[in-house]
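Asker: Take a look and give me a structure for this.
(chains A and B)
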Amino acid sequence: MMCYYTMNPKGRKSAMVPTTTSSVRTRFAPSPTGFMHVGNLRTALYEYLIARSLGGTFVLRIEDTDRGRLVDGAVDAVYRTLARVGLRHDEGPDVGGDFGPYVQSERLHLYRPHAEALVAAGHAYRCFCTKERLESLRAPAASAGAAEDDGSGAAAGAFSAGYDRHCRDLPAEESARRAAAGEPHVIRQRMPLEGTTVFEDAVYGRIEVDDAELEDQVLLKSDGFPTYNFANVVDDHLMRITHVVRGSEYLSSTPKYQLLYEAFGWKPPVYVHLPVVNGADGKKLSKRHGAVSFEGLVDEGYLPEAIVNCIALLGWSPGGTQEIFTLDGLCRAFRIDGISRSPAVLDYDRLRWFNGEYLRALAPEAFLAVASSWIARALPGAGAGLDLSRLAAALQPRVTQLSQIPGMVSFLKELPDYDLRLFANEKMKTDPALAAAMLGLAEKELAGLGEWTHDALHAALTGLAQREGRKNGQVMWPVRIAVSGTEVTPGGAIEILAVLGRDESLRRIGMARRKLADAR
RNA sequence: GGCCCAUUGGUCAAGCGGCCAAGACGCCGCCCUCUCAAGGCGGAAACGGGAGUUCGAUUCUCCCAUGGGUCACCA
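Answerer: Coordinates of the predicted model:
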């Protein structure tokens, strides 16, 4: 298999990106601790796109090593979301594959031997420190910053340097003896005390850190479960992952990964760190910015396709001016060097625009299918006798978020108690007096109408305007107000008459006439 | 606080030493029009600051400022 390297052009100090076309493997490795955040979804999307754009394989792995944070149903949400947006994984817990199992809790037997191998090689050691002792190490800093909540700037107080490497130099025999005696312990990585560790990121370029900065991190917890950092390295290697794609919050722990790969003598993967997605205030995207889970967004009336399109362009650019991309289109256009390094903000206005584009691109039947449940919310009882497809047609070009629908159609169910001043409109050149006159004529005209169809209604009303020497608007406006009681409606007078049907339309026009007459 | 990263219009962003600094969302105006949308046309709106390097910096280097990330037996 051929493997060549490209110098990426963004001035990123020679990020080496292997571009083999046959062996690329990426994985999405969520931990089932809740709903699927759009940030995670975007990570999954990029992992998928990198694999697909390079002819590679996309793997799903569940990282459930924190048994304290497991949330029921979280794994299902992952499956549902991936399926709903079309990110099909080639290997995973549900579809199998040659490198399983794909759930970390089923791989427990793998981690201890790897950790012990590191101990034997001197790259790791057993630590028998109690939780209490570790906490006491942190105590001074903790008390200083304890009162601080999330916002309002940096917590006062210094941060401790972390673990003091108390057990780092325990004699090997003592360590082995205490472990054999069943004394609880963790296994820690033995970091170099001096020197620098360097790694290459495909997005951020070359990054260098002092080894002295690195803590002797825990690899294997006392409960026998691996930590995320350790399991990740072991599994990524065993699963032949070539591109480790994840949020940039992992950038600062990547040197530890690098050292782990080196300790094992394994070839490090290509690191692809992604800029984070923030809310409008530049802070981490959270509920107070609006829905942030994929399913929450769907519940608010956004189409999965629109969500994917929108977030694909958050932190990545195809370079050209195209905005609308299908998943396949993204696979074709995606390039790692189009990923940017600065954080992006999810703009709901923009999401809404994408959504409108997708909504309008839908076939009329497809739009009716997605809109009907929203219509039903405002018009229970299937909108009794209303022409739903006609209504949907009026809605389609006007809706950018499905949740807008109930508010737009509620007047159909019940005529609002409107103000007669609505009949006055300067631009339409109408006022209550003219409206009363036109409504009288329109009522007669419509009552005698043979067929209650869009075309017939249109012919009748425009004919009326012509005969009376009026502008169309001088007839249409009063009629529309009369049958809707609403200043702004989806569709004009004709559409609403058609949707409402003859009886209800005439009833409403009659009511308007009486209202107008009473007011005189 | 240490370390790491970032900084082009309000937002997403192109830009790879020489441009009157693309495009999109949003906003404003006009057209179309039976309201509102959709559509068409047009407009306002940006290189955080300071030193260098260079004939020439949005682009390269350094410093500062600001923002973010990270310092767990969480991922």
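Asker: can you list the weak-confidence ranges in chain A?
Answerer: For chain A, applying pLDDT under 70 flags the ranges A:1-22, A:139-161, A:381-384.
Asker: Checking my notes, A:Y271 in a strand, right?
Answerer: Yes - assessed with DSSP: H, G, I helix; E, B strand; the rest coil, A:Y271 lies in a strand.
Asker: roughly how far apart are A:P113 and A:D216?
Answerer: From A:P113 over to A:D216 the distance is 20 Å, taken as Cβ to Cβ, to the nearest Å. The way it works is simple: take the backbone N, C-alpha and C, and place the C-beta from them, glycine included.
Asker: These two - which one has more neighbours?
Answerer: Neighbour count, other Cβ atoms under 10 Å: between A:P113 and A:D216, A:D216 has more, with 20 against 10.
Asker: shouldn't A:I50 be in contact with A:D337?
Answerer: No - applying Cβ atoms under 8 Å, one finds A:I50 not in contact with A:D337, separated by 11.5 Å.
Asker: which of those two has more neighbours?
Answerer: Neighbour count, other Cβ under 10 Å: between A:I50 and A:D337, A:I50 has more, with 26 against 17.
Asker: what sits against the more buried one?
Answerer: Residues near A:I50 by Cβ atoms under 8 Å, 6 or more residues apart in numbering: A:V24, A:T26, A:G56, A:H243, A:V245, A:V272, A:F334, A:I336.
Asker: Most proximal residue of chain A with respect to RNA strand B?
Answerer: Across chain A, the shortest distance to RNA strand B (Cβ to the nearest atom of the strand) belongs to A:G492, at 2.3 Å.
Asker: How about A:R107: what's its closest non-neighbour residue?
Answerer: A:P101 (5.7 Å; Cβ to Cβ, 6 or more residues apart in numbering).
Asker: my read: A:V24 touches A:L54, true?
Answerer: Yes - taking contacts as Cβ under 8 Å, A:V24 lies within contact range of A:L54: 4.3 Å.
Asker: Which residues does stretch A:512-520 contact?
Answerer: Residues from elsewhere that reach stretch A:512-520 (Cβ under 8 Å, 6+ apart): A:L420, A:F423, A:P432, A:A435, A:A436, A:L439, A:G440, A:E443, A:P478, A:I481, A:A482.
Asker: oh sorry, the question was meant for stretch A:448-464
Answerer: With Cβ under 8 Å, 6+ apart as the test, stretch A:448-464 has contacts from A:390, A:438, A:441-442, A:445-446, A:470, A:472, A:475-476, A:479, A:493-495, A:497-498, A:501-502.
Asker: any idea which element A:T26 lies in?
Answerer: Element membership for A:T26 (DSSP states H and E) is strand A:25-28.
Asker: Which SSE is immediately downstream of that strand?
Answerer: Scanning forward in sequence from strand A:25-28 by DSSP H and E, the next helix or strand is helix A:38-53.
Asker: Next, see if that following helix gets close to RNA strand B.
Answerer: No - on the criterion Cβ under 7 Å from any atom of the strand, helix A:38-53 is out of touch with RNA strand B, staying 9.1 Å away.
Asker: If we go by neighbour counts, what in that helix is buried?
Answerer: Residues of helix A:38-53 classed as buried: A:38-53 (neighbour count, 16 or more other Cβ atoms under 10 Å).
Asker: And the residues you listed, which is closest to A:D328?
Answerer: Taking Cβ to Cβ as the measure, A:D328 lies nearest A:R52 of the buried residues of helix A:38-53, at 8.8 Å.
Asker: these two touch, right, the closest one and A:L45?
Answerer: No - with contacts counted by Cβ under 8 Å, A:R52 stays clear of A:L45, the gap being 10.3 Å.
Asker: before we move on, back to that, tally of neighbours for the residue nearest to A:R107?
Answerer: For A:P101, the neighbour count with other Cβ under 10 Å is 15.
Asker: pretty sure it is touching A:D94, no?
Answerer: No - if you go by Cβ under 8 Å, A:P101 and A:D94 don't touch, sitting 11.5 Å apart.
Asker: Please indicate which of the contacts of stretch A:448-464 are buried?
Answerer: By neighbour count, with 16+ other Cβ under 10 Å, those hold A:390, A:438, A:441-442, A:445-446, A:470, A:472, A:475-476, A:479, A:493-495, A:497-498 as buried.
Asker: Just give the closest residue to A:P268, not the sequence neighbours.
Answerer: Excluding the flanking residues, the one nearest A:P268 by Cβ to Cβ, 6+ apart is A:Y261, at 4.3 Å.
Asker: Going by contacts, tell me the helices and strands next to the helix or strand hosting the one you found.
Answerer: Assessed by DSSP H and E, A:Y261 sits inside helix A:254-264. Secondary-structure packing of helix A:254-264 (3 or more Cβ pairs under 8 Å, 6 or more residues apart in numbering; DSSP states H and E): helix A:108-120, strand A:186-189, strand A:196-201, strand A:205-210, helix A:228-238.
Asker: Quick check: buried residues in it?
Answerer: The neighbour-count check on helix A:254-264 (16+ other Cβ under 10 Å) flags A:T254, A:P255, A:K256, A:Y257, A:Q258, A:L259, A:L260, A:Y261, A:A263, A:F264 as buried.
Asker: Just confirm yes or no for that helix near RNA strand B.
Answerer: No - counting by Cβ under 7 Å from any atom of the strand, RNA strand B is not contacted by helix A:254-264; separation bottoms out at 8.3 Å.
Asker: Pull the distance from that helix to the chain's centre.
Answerer: Put simply, helix A:254-264 sits 31 Å off its chain's centre (Cα atoms, centre = their mean, to the nearest Å).
Asker: what's in contact with that helix?
Answerer: Residues contacting helix A:254-264 (Cβ under 8 Å, 6+ apart): A:114, A:117-118, A:121, A:123-124, A:189, A:191-192, A:197-199, A:201, A:207, A:209, A:211, A:213-214, A:217, A:229-230, A:232-233, A:237, A:244, A:267-268, A:271, A:273.
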